[in-house]
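Chemist: Structure for this input, please:
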Amino acid sequence: MSHDAYVHIRDLRVEFRREGQTINAVNGVSFDVRKGEVMALIGESGSGKSVTLRALMRLHPPKNSLLSGTMRVGDEEVLTMSPSQLRRYRGAQCAMIFQEPLLAFDPVYTVGQQIVEGLRRHEGLSRQAARERALDALRQVRIPSPERRLDAYPHEMSGGMRQRAMIALALSCNPQLLLADEPTTALDATVQIQILILLREQQKQRDLSIIFVTHDIGAAVEIADRVAVMYAGRIVEEASMAEILHHPRHPYTQVLLGSRPKEGLKKGDALHCIPGSPPDLARLPAGCAFADRCPHALPSCAQSQPATEQVAERHVVSCHRWQELSANTEGQAAYA
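Modeler: Numbers count the residues shown, from 1 in each chain. As a prediction, the model looks like this:
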């Protein structure tokens with residue numbers, strides 16, 4: 001374990017049992033997040049990003065899911081927490097921003113009531129003191145007319161304002177770790193940028209560690225210090241944001257970055273896309289899961305899982321051919 005890691009995940013596996021099938025949603029994920037660092041998990045839908053995030057909150061129902069590995073946050077092992085420990089952990093030490101706040105908020109309580117409840121539970125405040133703190137939380141995320149919004153129901157707010165209220169709720173008890181599950185996906189472009197700037201400001205003010213899940217590389221560029229690229233439940237490459245943009249080593253990272261709309265794209269122009277589709281998580285191949293879609297794959301790639309190898313300090317990649325392919329991408333900064 002890195003001595004300065006606040007979040008330490010090793011060999012995390014998440015399996016779901018459905019209709020007699022075992023779905024291997026997360027397959028041996030390992031990474032560290034330092035105090036005050038923002039890590040982005042990027043990849044296509046179904047790559048295991050949100051499943052990893054929800055595992056960190058222990059939100060998967062134990063009836064049909066199995067978690068294994070190591071998940072340490074601070075000095076605590078999340079996988080072995082009792083129900084009472086989990087209640088203290090959620091909200092006070094680790095909080096989550098969900099993709100759709102209208103579904104995350106309880107529709108029958110006002111936004112203020114929901115923030116107040118968390119403050120009273122975790123910090124033992126009186127109702128009045130908790131209400132003052134809730135009001136201050138709305139001010140910090142720059143919600144206009146916070147006194148009025150405190151007594152508003154979630155459906156009475158716009159999408160952008162609900163997301164700000166969700167951030168206020170998540171940060172109200174001063175957690176050290178914030179999990180953000182595609183928090184800007186449902187918002188228009190202008191509001192997305194506002195929310196990303198707000199998150200970055202709050203992160204710096206509070207020295208927060210953040211794990212930010214997105215399929216939007218542009219959003220990751222705006223907020224992340226480091227990036228972990230996920231495919232078929234595994235991390236195939238991890239490095240700093242600058243290193244990923246300028247020196248992507250894994251073929252999947254390269255085509256993922258190449259699929260971004262380029263500057264000067266005109267109406268009617270074809271977008272570059274990744275051919276094929278991700279593998280069935282209930283029947284994962286024996287070799288590299290990306291081999292069927294990889295432009296550089298050899299027959300041997302489909303025979304065994306590539307090991308995770310170190311490219312440079314805090315830059316790792318899982319690809320059989322990354323070394324021989326590196327010469328072709330070295331110095332190319334077209335993805336910035």
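Chemist: going forward, measure contacts between C-alpha atoms and count neighbours the same way
Modeler: Will do.
Chemist: how about the host helix or strand of residue 28 as PDB, C-alpha atoms only?
Modeler: For residue 28, the enclosing helix or strand under DSSP states H and E is strand 21-34. C-alpha atoms of strand 21-34 as PDB (Å, rounded to 0.1, in the frame of the first residue of the first chain):
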ATOM      1  CA  GLN A  21     -25.700 -16.800 -14.300                       C
ATOM      2  CA  THR A  22     -22.700 -15.200 -12.700                       C
ATOM      3  CA  ILE A  23     -22.000 -11.700 -14.100                       C
ATOM      4  CA  ASN A  24     -18.400 -10.700 -13.500                       C
ATOM      5  CA  ALA A  25     -18.900  -7.000 -13.300                       C
ATOM      6  CA  VAL A  26     -15.600  -6.000 -11.700                       C
ATOM      7  CA  ASN A  27     -12.600  -8.300 -12.200                       C
ATOM      8  CA  GLY A  28      -9.600  -7.600 -10.000                       C
ATOM      9  CA  VAL A  29      -9.500  -3.800  -9.900                       C
ATOM     10  CA  SER A  30      -6.600  -2.200  -8.100                       C
ATOM     11  CA  PHE A  31      -5.800   1.500  -7.600                       C
ATOM     12  CA  ASP A  32      -4.900   4.100  -5.000                       C
ATOM     13  CA  VAL A  33      -6.200   7.700  -4.500                       C
ATOM     14  CA  ARG A  34      -4.100  10.100  -2.500                       C
END
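Chemist: just how off-centre is that strand within its chain?
Modeler: Relative to its chain's centre, strand 21-34 lies at 13 Å (CA atoms, centre = their mean, to the nearest Å).
Chemist: Output the contacting helices and strands for the helix or strand just after that strand.
Modeler: Downstream of strand 21-34, the next assigned helix or strand under DSSP H and E is strand 38-42. In this structure, strand 38-42 makes packing contacts with strand 209-214, helix 217-223, strand 226-231, judged by 3 or more CA pairs under 8 Å, 6 or more residues apart in numbering; DSSP states H and E.
Chemist: hey, least reliable of these by pLDDT?
Modeler: Confidence, taken as mean pLDDT, is least for helix 217-223 of these (a mean of 91).
Chemist: Any buried residues in that one, and which?
Modeler: Neighbour counts using 16 or more other CA atoms under 10 Å place 217, 219, 220, 221, 223 of helix 217-223 among the buried residues.
Chemist: re the thing from before, any residues touching the strand holding residue 28, and which ones?
Modeler: For strand 21-34, contacts defined as CA atoms under 8 Å, 6 or more residues apart in numbering pick out 2, 4-17, 39, 47-48, 51-52, 69, 209, 232-235, 281-284.
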